[in-house]
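Undergrad: Below are the sequence and a predicted model for it; my questions follow.
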Amino acid sequence: MALFSCVCALATACMSPESVESDVRARIDHLIEASNRRDLDAAVDSYCQDAVLHPPGGEEVRGRDAIRARYASLYDNWQPSLSVEHSSTSLARDSATDHGFIHGRLEPVTPGEDRILEDAYEAVLHCDDGVWRVHELFWRPRATVRAQ
């Protein structure tokens with residue numbers, strides 16, 4: 001019974017309307033900051049075990065192991081320099097959704113040209129052991145690109 005009470009308390013903490021927006025946005029910020037540091041463990045820890053990435057025009061990436069491999073490949077080839085702009089965050093019964101934009105660039109590790117990123121994203125997060133983690137992440141290039 002004590003274990004059940006503890007689990008319910010953790011889930012309730014995730015679902016507090018007063019903190020959900022800041023907690024969810026903090027998780028997305030943490031993911032972007034981890035990417036900028038090329039911190040593989042911190043980036044992957046931002047995802048649920050059964051998370052799914054939905055890249056534009058590509059195949060879904062399912063599960064933390066596959067997500068780890070994708071980030072490892074990214075970090076082997078690129079140095080991210082990204083920022084996030086949150087536009088809206090909403091709470092559903094057992095999840096939260098954050099919409100926004102990722103701005104910045106990927107600088108190649110070897111000589112080459114930077115890739116400018118101006119992507120719109122939708123992140124669906126679940127409360128996982130008292131912590132918001134990304135369950136699904138969709139992104140696509142933004143229709144218009146800001147002048148650099």
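TA: That came through fine.
Undergrad: Name all residues that make contact with the nearest residue to Gly63 once chain neighbours are set aside.
TA: Leaving aside its sequence neighbours, Gly63 sits nearest to Asp50 (Cβ to Cβ, 6 or more residues apart in numbering; 6.3 Å). From N, CA and C alone the C-beta is placed, and that goes for glycine too. Under the criterion of Cβ atoms under 8 Å, 6 or more residues apart in numbering, the neighbours of Asp50 are Arg62, Gly63, His135.
Undergrad: which residues of the chain fall in strands?
TA: With DSSP state E applied, the chain shows strands at 47-54, 61-62, 78-91, 95-108, 115-128, 131-141, listed in chain order.
Undergrad: For this protein, name the helix or strand with the lowest mean pLDDT.
TA: Ranked by mean pLDDT, DSSP states H and E, the weakest helix or strand in the chain is helix 2-15, scoring a mean of 40.
Undergrad: Mean confidence (pLDDT) on stretch 79-91, please.
TA: Per-residue pLDDT values across stretch 79-91 average out to 97.
Undergrad: same check, this time on stretch 131-148
TA: Averaged across stretch 131-148, pLDDT comes to 79.
Undergrad: Ok, stretch 20-35 next?
TA: 96.
Undergrad: Touching that stretch from outside, list them.
TA: By Cβ under 8 Å, 6+ apart, the surrounding residues in contact with stretch 20-35 are 14, 42-43, 46, 71, 74, 80, 82-84, 86, 89, 91, 96, 98, 100, 102, 123, 125, 131-134.
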